[in-house]
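# Predicted structure and sequence below. I'll ask about it afterward.
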Amino acid sequence: MIGKCLFPAAGYGTRFLPATKAMPKEMLPILNKPLIQYGVEEALQAGCHTMAIVTGRGKRSIEDHFDISYELEHQIKGTDKESYLTEIRSLIQTCTFSYTRQSQMKGLGHAILSGETLIGQEAFAVILADDLCANPMGKGVLSQMIALYETYQCSIVAIEEVDSCDVDKYGIIEGKEIQKGVYQVANMVEKPSIQEAPSNLALIGRYILTPDIFDILRHTLPGKKGEIQLTDALLTQAQAGKVLAYRFQGRRYDCGSIDGFVRATNDFYRDFHPREQ
Ligand code: G1P
């Protein structure tokens, strides 16, 4: 069983400046809920009760969000505003939140390695909160991936097709389809040029990782942009036949970009916002 979900949340969110100058990008709201809360809800729905959050400087509001605000509780007690807090109160009661800091920004792989003390020696999930996923008609993306993990017991990455002109924004995989929507990964490249890209199947911010990834990351040299890349560490597992890529069901929004953020806001308003009669 996968009980823990890691959230790398130390990044600067430069694509969203100036909004993210003094505010974590994970706290940007879609409707009235911060991105990271959607991620935590997806993890909980998938059966993870421990949220391991890798933070950095200026991210204190994430910890405060997943904690009781006694002043606020006191102020709104007995008013109709209390209903706004129902969901977050229930998350705080149901989940455990633990935090560690990534003191240097050395890439996604380094962020995940920084979370090792919170995870230990067990398989775990990873959610990049700025990739917001929704599957209104069925199970969440992480639930779909955990179901696959239960059969194959290896690392699983979620993928989707992207336009060829966008391959340089993502980790790109090459693999053989072994069942509908499931690929045995043979190769993966972080942010390749169109010419180098082995396909247009891109990694999105959902992973299931087996714990040997930590040792591999410890020995992974800086790659693209001089950073320690998770994609490079996963390639080591893939070469041993231990990575599957899963074409998930649902929609994914890149909420680290203004276009994706606006699209998510419009779709969530249409699909999830209760209309006032
Ligand atoms: C990271 C990963 C990349 C992946 C992407 C998904 O990149 O390094 O492989 O495709 O997340 O969102 P980032 O967007 O943090 O640059």
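That came through, no problem.
# Mind listing the residues bridging to the spatially closest residue to Arg263 that is not a sequence neighbour?
Counting by Cβ to Cβ, 6 or more residues apart in numbering, Tyr253 is the residue found nearest to Arg263 once chain neighbours are left out, at 5.8 Å. All C-beta atoms are positioned from the backbone trio N, CA, C, and that covers glycine. Each beta-bridge partner of Tyr253 is listed here, defined by DSSP bridges: Leu132.
# how many other residues sit next to Tyr253?
Residues contacting Tyr253 under the criterion other Cβ atoms under 10 Å number 23.
# so who does it touch?
Contact criterion Cβ atoms under 8 Å, 6 or more residues apart in numbering gives 131-134, 260-261, 263-264, 267 as the residues in contact with Tyr253.
# Distance of it relative to Ile204?
Note on Tyr253: its distance to Ile204, by Cβ to Cβ, to the nearest Å, is 10 Å.
# Next, show the common contact partners of those two.
By the contact definition Cβ under 8 Å, 6+ apart, Tyr253 and Ile204 are jointly contacted by 131, 133.
# from the chain's centre, how far out does the lowest-mean-pLDDT helix or strand in the chain sit?
The least trusted helix or strand in the chain, going by mean pLDDT, DSSP states H and E, turns out to be helix 70-76, with a mean of 89. Shown here is helix 70-76, whose average C-alpha point lies 31 Å from the average C-alpha point of the whole chain (Cα atoms, centre = their mean, to the nearest Å).
# I would like the residues contacting it, please.
Here helix 70-76 makes contact (Cβ under 8 Å, 6+ apart) with 82, 85.
# Next, the buried residues of stretch 4-18.
Of the residues in stretch 4-18, those buried by neighbour count under the rule 16 or more other Cβ atoms under 10 Å are 4-11, 13, 15-16.
# Which of these sits closest to the ligand?
Looking at these and their distance to the ligand, the nearest is Gly11, at 6.8 Å (Cβ to the nearest ligand atom).
# That closest one: helix or strand, and which one exactly?
Element membership of Gly11 [criterion: DSSP states H and E] is none; it lies in no helix or strand.
# for the ligand, what are the nearby residues on the stretch 101-250 of the chain?
Residues of the stretch 101-250 of the chain lying close to the ligand by Cβ under 6 Å from any ligand atom are 108, 128, 131, 170-171, 190, 202-205, 229-231.
# Relative to the ligand, which of those residues is nearest.
The nearest member of these to the ligand, counting by Cβ to the nearest ligand atom, is Gly171 at 2.6 Å.
# Please see if the helix or strand where Phe261 lies touches the ligand.
Element membership of Phe261 [criterion: DSSP H and E] is helix 258-272. No - figure legend: helix 258-272 not in contact with the ligand (Cβ under 6 Å from any ligand atom); closest approach 10.1 Å.
# quick one: contacts of that helix?
Contacts with helix 258-272, where a contact means Cβ under 8 Å, 6+ apart, come from 15-16, 28, 30-31, 132, 134, 136, 251, 253-255.
# In ChimeraX, how would I select the buried members of those?
The ChimeraX command for the buried members of the contacts of helix 258-272 (criterion: 16+ other Cβ under 10 Å) is given here:
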select :15,16,28,30,132,134,251,253,254,255
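# which one among the contacts of helix 258-272 gets closest to the ligand?
Within the set of these, Asp254 lies nearest the ligand; the separation is 6.6 Å, counting by Cβ to the nearest ligand atom.
# pretty sure the closest one contacts Leu128?
No - the criterion here is Cβ atoms under 8 Å, and Asp254 misses it with Leu128 at 9.9 Å.
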